[in-house]
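> pasting the sequence and the predicted coordinates here, then a few questions.
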Amino acid sequence: MPDRARECLQQLRVWVDAGWLRELDFVFAAFLARESPDADPLLLLAAALASHQLGRGHVCLEPAAVLKDPALVLALPPERAEEAGRHADAAPAKTPVEWLSGLAPAAWVAALSNERLVGSGAGDTPLVLAGSRLYLRRYWQYEQTVRAAIEQRVAAEPLDASTAGSLRQALDALFGPAASAGGEPDWQKIACALAVRSHFGIVTGGPGTGKTTTVVKLLAVLQHLAPRDAQGKLRPLRIRLAAPTGKAAARLNESIAGAVKDLPLGGLPDAQALREAIPTEVTTVHRLLVPVPGTRRFRHDARNPLPLDVLVLDEASMVGLEAMAAVVAALAPRTRLVLLGDKDQLASVEAGGLFGQLCRWADAGRYTAATRDWVYTVSGEAIPPAQADDAGRPLDQCVVKLRKSWRFGEGSGIGQLAQAVNEGDVKRIQEIRSKGRADLAWLDLANSEAGLRRLVLEGGPEFFGGRGQGRLESSGVVAPPVGLSHYLGVMNRGPRSDAQEDIDTWARGVLDASLSFQLLCAVRGGRHGVERLNERIADLLHAEGLVAAAQGWFAGRPVMVTHNDYTLGLMNGDIGIALQVPEQGKPMLRVAFPANGGGVRWVLPSRLESVETAFAMTVHKSQGSEFVHTALVLPDRPSPVLTRELVYTAVTRAKSWFTLAGPLKDGLLEQAVQRPTLRAGGLF
Ligand SMILES: Nc1ncnc2c1ncn2[C@@H]1O[C@H](COP(=O)(O)OP(=O)(O)OP(=O)(O)O)[C@@H](O)[C@H]1O
């Protein structure tokens, strides 16, 4: 191996030893150096960094973007290395940023020219350079699979004119007549119309904008348009609903049955048959595809597609590129695909960010004249000029953003804060803070241990605008905010008797009560990171006598599963609580997990290999969940992890109360909301 390549690998090794790169990144570069000993060191560096970026959620490396701001794009040195207390003298002598300084993008791209290692598509080179993006081949292939599947569905034959009348009848029955001219149109109705028009549809919107309501109506419309048998009886379409995680599936499960029950089908023939033809059970993507044990493959793939007419995928922003490629590969060409999600939330933890890419133009709409005419014909809704653009791409015609929140009324502080954060509107955030809102609390932790204690134990009602008094909303009575002592109180009251039924009811009560309050952290390391905070909270609860120990397993310890465990049927992100239950007369510790249908599943602590304490969890892990009172704890110093999407995701986890805790004077929040997440990818 030439000296230059050896030196490069030595440098990469130093960065791995410093915890800046993963072993995997090094191994990949070393493999390439063996395959092609004359490879340019800049190619080996690019390969290691492309692999590093994958670990950070980016599917490719864009040399020009890296060179513009290497420290930001590569996040090197990483946040964790600093927080682990590494000192300047322990840091590698040369940083990637220094190595790259002075390099021109064209020179870096030129160094990637290597027939054995880098191709432009077809072939089997380990790397693919597509335009200005460098991919590990597998991820380039995933993008190709997803793009082809979407393009094919976007281009699917539109409904023939004879169906338009029937569609109009169904849309009017479900949504009522069109809004009066000049008013805001009914975007839910438009979303349905457009999702019927092609074989691909996206409905995006913030919390409570009616994504579930809309998709249930869409399914009713599709069933209404489904073929009939010779006796005119409905031959229902085969429909499945899926979500990326068990928690997200359980949440949709809860809301969908109600939405199906409330469907206003009165104006349509066969109303009962239509209602019955809409599924209410939601599965996870993994269960839908059925994993083949010991492999990355699934039983359902291109050779054995799912027997489906329609697949609805909820919380699509959480689906990584690899999982999405597996989903679309398992769909027959005529299966419709409908994606639901909030495009402004954090992207998936897995490399991807594809929902954000697909929804890139959702705010602008970009509907062409043909789309506007068609929407008007089948729904009577006029798309406003602001959302019209005859240069819109075919994909844009399939994407609809729901713009009105039905959950957060005009006066809701949470709704207003979420919007201001999403728009990066610092002035508006400051206004919201200075005016005070009944459902928002701001807790400066700079020198206030007592404040954190109040928040953790009781939810800190006194920090809210209206001092945390309960209130009446259109949806019902909102009880005052609570902290962790709430569910621990339910736990410490114990079951009514030792009968298993009473124990299960009690455990379910504890699990439900635990959703009343959740602490979220932006980062894992540091004083306000999830690890230290969990330790501090356990100590505090122990000192208060609310739990019997602060370490190991103890009754009241909430745990989050960190890896899928198919034997136990537990998925990454599932949360259980350790409880003391009588077994053959003796108290034993068992972990209670929520089961479908309001039940409880009991697991022995010793069988849970990959769990972590979850008094506090990262915002990433909270995706797909909602809590009555959500508190975001900001890190104690600036971090590139703290982005607009992260804060927005945290705020929108709150149903009724939101607390922002942290060093509020240092402008951390303001910096964060002005920093949107960077995600590389070339999907659309
Ligand atoms: N057009 C509407 N008119 C009146 N109420 C509506 C309308 N659309 C939705 N809602 C109500 O708003 C609430 C939220 O709706 P839905 O659950 O469909 O929203 P979502 O976007 O799926 O929410 P989530 O944030 O939970 O994903 C529900 O109570 C629903 O009944």
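Everything's here; your move. Quick caveat, the model's predicted, so the values are computed rather than measured.
> low-confidence ranges, the chain, go.
1, 79-93, 181, 349, 447, 678-683 (pLDDT under 70).
> biggest helix in it by residues?
Identified as the longest helix of the chain according to DSSP state H is helix 137-154.
> what about the nearest residue to Gly436 once chain neighbours are set aside, how many residues nearby?
Leaving aside its chain neighbours, Gly436 sits nearest to Gly465 (3.8 Å; criterion: CB to CB, 6 or more residues apart in numbering). C-beta coordinates here come from the backbone N, C-alpha and C atoms, glycine included. Residues contacting Gly465 under the criterion other CB atoms under 10 Å number 17.
> next SSE downstream of the longest helix of the chain?
Going down the chain from helix 137-154, the next helix or strand is helix 161-175, by DSSP states H and E.
> how far out from the middle of the chain is the longest helix of the chain?
21 Å (CA atoms, centre = their mean, to the nearest Å).
> now do the buried residues in that helix.
137, 139-140, 142-147, 149-150, 153-154 (16 or more other CB atoms under 10 Å).
> strands along the stretch 551-684 of the chain, start to end?
558-561, 575-583, 586-595, 599-603, 611-613, 616-618, 627-633, 654-662 (DSSP state E, counting those that start in this stretch).
> by contact count, what packs against the fourth one?
For strand 599-603, the helices and strands in contact under the criterion 3 or more CB pairs under 8 Å, 6 or more residues apart in numbering; DSSP states H and E are helix 500-514, strand 586-595.
> wait, the residue nearest to Gly436 touches Arg433, no?
No: counting by CB atoms under 8 Å, Gly465 sits too far from Arg433 to count as a contact (9.9 Å).
> between these two, which contacts overlap?
Leu440 (CB atoms under 8 Å, 6 or more residues apart in numbering).
> pull the contacting residues for Ala173.
Going by CB under 8 Å, 6+ apart, the list of residues near Ala173 reads 264-268.
> so which of the residues you listed comes closest to the ligand?
Distance to the ligand, by CB to the nearest ligand atom, is smallest for Pro264 among the contacts of Ala173, at 10.5 Å.
> for that closest one, what are phi and psi?
phi -80, psi 80 (degrees, to the nearest 10).
> count the neighbours of it for me.
Pro264, neighbours per other CB under 10 Å, totals 13.
> ditto for the one 3 residues further on
By other CB under 10 Å, 12 other residues sit near Gly267.
> likewise Gln345?
26.
> in three-state terms, label it for me.
At Gln345 the chain is in coil, as set by DSSP: H, G, I helix; E, B strand; the rest coil.
> ok, now which ones touch Trp187?
400-404.
> of those, select the buried ones using a PyMOL command.
Buried subset of the contacts of Trp187, written as a PyMOL selection, criterion 16+ other CB under 10 Å:
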select buried, resi 400+401+402
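> now, the contacts of Trp187 that are in strands?
Of these, the ones assigned to strands by DSSP state E are 400-402.
> of the residues you listed, list those near the ligand.
Among the ones in strands among the contacts of Trp187, not one lies near the ligand by CB under 6 Å from any ligand atom.
> nearest to the ligand, of these?
Looking across the ones in strands among the contacts of Trp187 and measuring by CB to the nearest ligand atom, the closest to the ligand is Leu402, at 6.7 Å.
> before we move on, the earlier item: show me what the longest helix of the chain is in contact with.
Contacts of helix 137-154 (CB under 8 Å, 6+ apart): 54, 59-60, 119, 121, 124-128, 130, 135, 198-200, 321-322, 324-325, 328-329, 331, 333, 336-337, 351, 354, 358, 394-395, 397-398, 681-684.
> can we see that at 6 Å?
59, 126, 128, 198-200, 321-322, 324-325, 328-329, 337, 394-395, 398, 683 (CB atoms under 6 Å, 6 or more residues apart in numbering).
> same deal with stretch 379-392?
171, 178, 185-186, 189-190, 193, 365-369, 372, 375-376.
> can you pull the contacts of Ala513?
Ala513 neighbours (CB under 6 Å, 6+ apart): 486-487, 490.
> which residue, other than its chain neighbours, is closest to it?
Nearest to Ala513 is Tyr487, by CB to CB, 6+ apart, at 3.8 Å.
> what do you get for Leu289?
Per CB to CB, 6+ apart, closest to Leu289 is Phe298, 3.7 Å.
> partner residues bridging that neighbour?
Phe298 has the following beta-bridge partners by DSSP bridges: Pro291.
> need the distance between the two termini of stretch 537-548.
13 Å (CA to CA, to the nearest Å).
> now that stretch, how far from the centre of its chain.
32 Å.
> cool, and stretch 117-126?
Centroid separation between stretch 117-126 and its chain, computed with CA atoms, centre = their mean, is 32 Å.
> of all the strands of the stretch 551-684 of the chain, which one is nearest Val221?
Closest of these to Val221 is strand 654-662, at 29.6 Å (criterion: CB to CB).
> list the strands paired with the closest one, with their directions.
When DSSP bridges is applied, strand 654-662 pairs with strand 440-444 (parallel), strand 627-633 (parallel).
> pick the most buried one from these.
Highest mean neighbour count among the strands paired with strand 654-662 (mean count of other CB atoms under 10 Å): strand 627-633, with a mean of 25.
> show me how far that one is from its chain's centre.
On CA atoms, centre = their mean, the centre of strand 627-633 falls 17 Å from the chain's centre.
> close to the ligand, is that strand?
No: residues of strand 627-633 contacting the ligand under CB under 6 Å from any ligand atom: none, with a closest distance of 12.6 Å.
> please save the CA atoms from that strand in PDB.
Below are the C-alpha coordinates for strand 627-633, written out as PDB (Å, rounded to 0.1, in the frame of the first residue of the first chain):
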ATOM      1  CA  PHE A 627     -47.900  13.400  26.700                       C
ATOM      2  CA  VAL A 628     -50.300  15.600  28.600                       C
ATOM      3  CA  HIS A 629     -47.400  17.700  30.000                       C
ATOM      4  CA  THR A 630     -44.200  17.700  28.100                       C
ATOM      5  CA  ALA A 631     -41.000  19.500  29.400                       C
ATOM      6  CA  LEU A 632     -38.000  20.100  27.100                       C
ATOM      7  CA  VAL A 633     -34.700  20.500  29.000                       C
END
